[in-house]
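Student: what's the 3D shape of this:
(one chain, ligands or ions: 2)
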Amino acid sequence: MKVFVTGGAGYIGTHTLLQLLAAGHELCVFDNFSNASPVALTRVRQLSNRDFAQVEGDIRDAGALHRALADFAPDAVIHFAGLKAVGESNEKPLLYYENNVTGSVNLLAAMDAAGCRRIVFSSSATVYGEAQYLPFDEDHPIAPTNPYGRTKAMVEGVIADWTKATPNASAVLLRYFNPVGAHESGRIGEDPRDIPNNLMPFVAQVAVGRREKLSIFGDDYDTRDGTGERDYIHVVDLAAAHLAALAYSARATGCEAINVGTGQSITVKELVAAYEAACGHAISAYIAPRRSGDVASSYAATAKAEQLLKWRAELNVNDMCASSWLWQSDNPNGYPIDVSARRR
Ligand code: NAD
Ligand code: UFG
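Tutor: Residues are numbered from 1 along each chain as shown. Ligands and ions are numbered 1, 2, ... in the order given. Predicted structure coming up:
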């Protein structure tokens, strides 16, 4: 199948490319490299021993998208491209609406022009907002609490409307919980540009000596050990969910939102302990005040993914930490920035 992958050079995109290539799909990656390194795509080529088309372009540029989709004529699109920092979205909401919402509208219009009717979209559990009940199932009310989350909820709505108006269209909205970990090779992984906002990359940078200590944001939550609990999902399992979603979209029309998580919660302290076991030394940490906007617990109901996608997570927290550590220790500063390394 021919698959057009926006944002394919990023963290989740690169892991998904490897599985798409292994399954024999023909790919075109469309990315503006605003939060990714071209080296990541070079490594995907090396690891897979396969080549694919690559277009440097911005989804806000409707003309560039139209040309790329018309040239490639895909059977399906996987849409990862987007900005994802909650804090930044509070400071620059218009940038987020333009990039994530306008960019997605452009993409659907270009798909229409190219006659492509299948899309898998990267949504987020953040669309649920405060938990009314747990685990979050897909019928939980949608009430995001920040601009980033609102862009995801808006794009979900736009895609649902597009699906209704487009004969035979098929869309899967994957609501990711907390993606972590890396490919088993240690050659690709998460490479935050600034100070990591998220727990696992921060822990990884403390473990490798790039940062002094971890702030644990609150130990007085109503959880097993007082620290926040989340549903961490191995990025390799998450990548597999995209292939399952593509397969599902070939046999179904309409629009479905589907959680992608393990259904298990892990506390901050539990994750730190698992990382210490993976890296073989203690991780310096201290208890800091709660982070504003954080919830105590978030985890997924997974029945819908199992039922519709025939997919479930296979990897555990030890796999997540071991693979993250392999990536971080082999690439302590992430991907090389030397442009001469771009095609290596
Ligand atoms: P990432 O930043 O590593 O990947 C996003 C990719 O999109 C990058 O390669 C970036 O360069 C590209 N991009 C951004 N804006 C673009 C534009 N205007 N035009 C073309 N390319 C553009 O992020 P990720 O963690 O791989 O996330 C992928 C998707 O999953 C995002 O949409 C994100 O919101 C969503 N998501 C991520 C998480 C998470 O915790 N990582 C959780 C839920 C949802
Ligand atoms: N945490 C720390 N110290 C840190 C970072 C995080 O103690 O340095 C704690 C948080 O307080 C929370 C847990 O680790 O209890 C997980 O925090 P993350 O920032 O890794 O993940 P969140 O669940 O807060 O946020 C993620 C995405 C958001 C998305 C949200 C809901 O980053 O984009 O999931 O799906 F909105």
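
Student: State the pLDDT value of the residue in the stretch 201-344 of the chain positioned nearest to ligand 2.
Tutor: Residue nearest to ligand 2 within the stretch 201-344 of the chain: Gly228 (2.2 Å; C-beta to the nearest ligand atom). Bear in mind the C-beta positions are built from the backbone N, C-alpha and C, glycine included. pLDDT for Gly228: 97.

Student: Now for it, how many residues are close by?
Tutor: A count of neighbours around Gly228, defined by other C-beta atoms under 10 Å, yields 24.

Student: hey, where'd the strands end up in the stretch 101-250 of the chain?
Tutor: 118-124, 170-176, 178-180, 214-217, 229-230, 232-234 (DSSP state E, counting those that start in this stretch).

Student: Thr312 belongs to a strand?
Tutor: To be clear, residue 312 is Arg; Thr isn't right here. No - checked against DSSP: H, G, I helix; E, B strand; the rest coil, Arg312 lies outside a strand; its state is coil.

Student: How about the secondary structure of the nearest residue to it once chain neighbours are set aside?
Tutor: Among residues not flanking Arg312 along the chain, Glu306 sits closest, at 5.2 Å (C-beta to C-beta, 6 or more residues apart in numbering). Of the three states, Glu306 takes helix under three-state DSSP.

Student: Look up how far Ala153 lies from Glu306.
Tutor: 24 Å (C-beta to C-beta, to the nearest Å).

Student: just Ala73 next, same as before
Tutor: According to C-beta to C-beta, Ala73 stands 31 Å off from Ala153.

Student: Please name the residues that touch the residue of the stretch 201-344 of the chain at minimum distance from ligand 1.
Tutor: Per C-beta to the nearest ligand atom, Val235 is where the stretch 201-344 of the chain lies closest to ligand 1, at 8.3 Å. Residues near Val235 by C-beta atoms under 8 Å, 6 or more residues apart in numbering: Tyr11, Ile12, His15, Pro179, Val180, Gly181, Ala182, His183, Glu190.

Student: Which secondary structure element is home to the second one?
Tutor: Under the assignment given by DSSP states H and E, the secondary-structure element containing Ile12 is helix 11-22.

Student: Mind listing what's buried along the helix or strand bottoming out on mean pLDDT in the chain?
Tutor: Counting by mean pLDDT, DSSP states H and E, the chain has its least confident helix or strand at helix 86-91, which shows a mean of 94. Using 16 or more other C-beta atoms under 10 Å as the test for burial, helix 86-91 gives Val86, Glu88, Ser89.

Student: now do stretch 22-34
Tutor: His25, Glu26, Leu27, Cys28, Val29, Phe30, Asp31, Asn32.

Student: who's the second one bridged to?
Tutor: Using DSSP bridges, the beta-bridge partners of Glu26 come out as Lys2.

Student: Now that it has come up, it's in contact with Val3, right?
Tutor: Yes - taking C-beta atoms under 8 Å as the definition, Glu26 is a contact partner of Val3 at 7.2 Å.

Student: picking that back up, following the chain onward from the least confident helix or strand of the chain, which element is next?
Tutor: Downstream of helix 86-91, the next assigned helix or strand under DSSP H and E is helix 93-96.

Student: what's that following helix packed up against?
Tutor: With contacts taken as 3 or more C-beta pairs under 8 Å, 6 or more residues apart in numbering; DSSP states H and E, helix 93-96 sits against helix 86-91, helix 147-165.

Student: List the contacts of the residue in the chain that ligand 1 sits nearest to.
Tutor: Closest to ligand 1 within the chain is Gly10: 2.0 Å, counting by C-beta to the nearest ligand atom. Counting by C-beta under 8 Å, 6+ apart, Gly10 makes contact with Asp31, Asn35, Ala36, Ala40, Phe80, Ala81.
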